[in-house]
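Chemist: predicted model, plus sequence, below.
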Amino acid sequence: KQEVTQIPAALSVPEGENLVLNCSFTDSAIYNLQWFRQDPGKGLTSLLLIQSSQREQTSGRLNASLDKSSGRSTLYIAASQPGDSATYLCAVKVGEGTQGGSEKLVFGKGTKLTVNP
Amino acid sequence: GAVVSQHPSRVICKSGTSVKIECRSLDFQATTMFWYRQFPKKSLMLMATSNEGSKATYEQGVEKDKFLINHASLTLSTLTVTSAHPEDSSFYICSARHYITDTQYFGPGTRLTVL
């Protein structure tokens, strides 16, 4: 059974700092890995999607890497801002043969990020 | 960009009543929609996958008679929580898979509180 773990559970940093969020998954048989942002009481916003054949993706101040063989991904946020404060979720897309069901996303519990002004 | 809406955003109901939550893809067609449940400090848990015009596929441990899902069109799926109890109180999020790009877009969620 695929399990996704995110470390740390919470992180507080001063504005301007560069930071790294970690995600690990137990089964390397994934289609892709996605990082989401969730603001309190809100839905999910997709930040970056890395296909299983890719090593990294970049969008603005965000860079996500994927090491499928070791079951790890990192989300790097450069020059953090108070507006980056949110919970960041990592999810892997799995399909038949990996979990015995249709394609679906398996989520980690998230990392709650607070960027202090 | 692709937008998914949910209605209502918040609902409070009495124990024993039924509640219907709507999920709509506003500017794209979605052959597949997903329903998730989120508890505080927990992962989003997939409840069921619904395909337009066919029965939903429920995840293990999810009661299909309690959580009724209908995917009547390519832009609308509904989740009905029947005979709701306080333990059903949670944040319910839907997502819709774009039928061309295969990307999943998430709704803003519905906060259900059962008294």
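Modeler: Here it is on my side, so go on.
Chemist: tell me the centre residue of chain B?
Modeler: residue B:35 (3.7 Å; CA atoms, centre = their mean).
Chemist: could I get the contacting residues of the closest residue to residue B:100 other than its chain neighbours?
Modeler: Once flanking residues are discounted, residue B:100 sits nearest to residue B:28: 7.8 Å by CB to CB, 6 or more residues apart in numbering or on different chains. (Glycine included, C-beta is placed from N, CA and C.) Residues near residue B:28 by CB atoms under 8 Å, 6 or more residues apart in numbering or on different chains: B:2, B:75, B:96, B:98-100, B:105.
Chemist: the residues you listed: which two are farthest apart?
Modeler: B:75 and B:100 (14.0 Å; CB to CB).
Chemist: out of the two, which sits in the busier spot?
Modeler: Set residue B:75 next to residue B:100 and count neighbours by other CB atoms under 10 Å in any protein chain shown: residue B:75 wins out with 18 against 9.
Chemist: hey, what's the residue lying closest to that one once chain neighbours are set aside bridged with?
Modeler: Distance criterion CB to CB, 6+ apart; nearest residue to residue B:75, sequence neighbours excluded, is residue B:25 at 4.9 Å. Residue B:25 has the following beta-bridge partners by DSSP bridges: residue B:4.
Chemist: how close does residue B:25 get to residue B:18?
Modeler: Per CB to CB, to the nearest Å, residue B:25 is found 24 Å from residue B:18.
Chemist: near chain B, which residues of chain A are found?
Modeler: A:4, A:9, A:36, A:41-46, A:49, A:89, A:91, A:101-102, A:104-110 (CB under 8 Å from any CB of the partner chain).
Chemist: residue ranges in chain A under the pLDDT threshold?
Modeler: A:96-102 (pLDDT under 70).
Chemist: let me know the secondary structure of the residue nearest the centre of it.
Modeler: Residue closest to the mean C-alpha point of chain A, counted by CA atoms, centre = their mean, is residue A:90 at 3.0 Å. Secondary structure, DSSP: H, G, I helix; E, B strand; the rest coil: residue A:90 is strand.
Chemist: hang on, it packs against residue A:38?
Modeler: No - using CB atoms under 8 Å, residue A:90 is not in contact with residue A:38; the gap is 11.5 Å.
Chemist: helix/strand/coil for residue B:87?
Modeler: helix.
Chemist: now it, nearest residue through space, not along the chain?
Modeler: Per CB to CB, 6+ apart, closest to residue B:87 is residue B:114, 7.9 Å.
Chemist: leaving out the residues flanking it, which one is nearest to the residue nearest to the centre of chain B?
Modeler: Nearest to residue B:35 is residue B:47, by CB to CB, 6+ apart, at 4.6 Å.
Chemist: picking up where we left off before, check contacts around the residue nearest to the centre of chain B.
Modeler: Residue B:35 neighbours (CB under 8 Å, 6+ apart): B:23, B:46-48, B:50, B:67, B:69, B:77, B:79, B:92-94.
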